[in-house]
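In: predicted structure and sequence below. I'll ask about it afterward.
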Amino acid sequence: MGKRTFRFIFIAGLFYTLNATAWPQDTVKMEYGGYPVYGRIVDGDTVMISNIREANIYPRQQFDSRRDLRQYERLIYNVKKAYPYALIAGEMFREVEKDLAGMNTEKERKEYIKQVEKDLKDRFEGELTKLTITQGRILIKLVDRETRHTSYDLVKELRGSFQAFFWQAIARIFGSNLKSRYDPAGEDYLIEEIIIMIDVGMI
């Protein structure tokens, strides 16, 4: 895929959200070893309560050959390259969406999008041109994961149908598809496992 295509996909792409814990009213807050702990009175006794983070357990990957192992290791490498940009794209998309919602005129929206595109180009153009075609394809999938919109839909929404059609045609020439959806339970299950391991610091 060409460098300009990578750049525009990312520009168009314009996680953890911490949720406050809702404790029951009969919960008491105490201190143990200098740290706050929570408990609940049950039959006159104080029982400590705690939220335990959800754990994802996967079977150890089995490989039929060294070639399969090398392909898996390469996938980890490529996901690690693309994932940070997808996270940034998701963050920026939510910010842009919020800002656009507060604008009253189409002219104001277009000027804002043009400025965002310029800022992103100045900030990321050099880095994105270093992505390989495979990393670019993974990035397209991960943009959908983080924004819940395909890259094609984002281009269409922000720049119009013709731009979306144009960049889709370019992507097709390079064997990519801006309409690619992320399928964590299907063909992208390995990528999803790798991302979870990245998030919890396993790899």
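Out: Arrived safely, thanks for sending.
In: CA only for contacts and neighbour counts going forward, please
Out: Fine.
In: quick check: buried residues in stretch 140-153?
Out: Within stretch 140-153, the residues that count as buried by 16 or more other CA atoms under 10 Å are 140-147, 149-153.
In: partners of the longest strand anywhere in the chain in the sheet?
Out: Criterion DSSP state E: the longest strand present in the chain is strand 35-42. Strand 35-42 has its sheet partners listed here by DSSP bridges as strand 27-32 (antiparallel), strand 45-49 (antiparallel).
In: contacting residues around N78?
Out: N78 makes contact with T134, Q135, I138, according to CA atoms under 8 Å, 6 or more residues apart in numbering.
In: closest to L120 out of these?
Out: For the contacts of N78, the closest approach to L120 (CA to CA) belongs to Q135, at 18.8 Å.
In: excluding chain neighbours, what is closest to the closest one?
Out: Closest residue to Q135 apart from its sequence neighbours, by CA to CA, 6 or more residues apart in numbering: N78 at 5.4 Å.
In: distance from the chain centre to the helix or strand harbouring the one you found, please.
Out: In this structure, N78 sits in helix 66-101 according to DSSP states H and E. What separates the centre of helix 66-101 from the centre of its chain is 6 Å, taken as CA atoms, centre = their mean, to the nearest Å.
In: show me the shaky parts of the chain.
Out: For the chain, applying pLDDT under 70 flags the ranges 1-26, 30-35, 37, 48-59, 162, 165-167, 170, 173-174.
In: show me the helices in it, by range?
Out: Remark: helices assigned in the chain by DSSP state H are 3-12, 66-101, 106-128, 133-147, 151-159, 161-173, 189-199.
In: please work out which of those is packed deepest.
Out: helix 133-147 (a mean of 24; mean count of other CA atoms under 10 Å).
In: now it against helix 106-128, angle please.
Out: 140 degrees (axes from the mean of the first three to the mean of the last three CA atoms, to 10 degrees).
In: what helices or strands is helix 133-147 leaning on?
Out: With contacts defined as 3 or more CA pairs under 8 Å, 6 or more residues apart in numbering; DSSP states H and E, the packing partners of helix 133-147 are helix 66-101, helix 151-159.
In: quick check: phi and psi at Y182.
Out: When read as degrees, to the nearest 10, the backbone of Y182 gives phi -90, psi 130.
In: tell me, what residue is most central in this protein?
Out: E146 (3.5 Å; CA atoms, centre = their mean).
In: against Y152, how distant is the nearest residue to it once chain neighbours are set aside?
Out: In this structure, E146 finds its nearest non-sequential neighbour in G90, 5.0 Å apart by CA to CA, 6+ apart. Going from G90 to Y152 by CA to CA, to the nearest Å gives 15 Å.
In: out of the helices and strands packed on helix 133-147, which is closest to I191?
Out: Closest approach to I191 among those (CA to CA): helix 66-101, 7.0 Å.
In: that closest one to helix 133-147, inter-axis angle?
Out: Per the same axes, to 10 degrees, the angle that helix 66-101 makes with helix 133-147 is 50 degrees.
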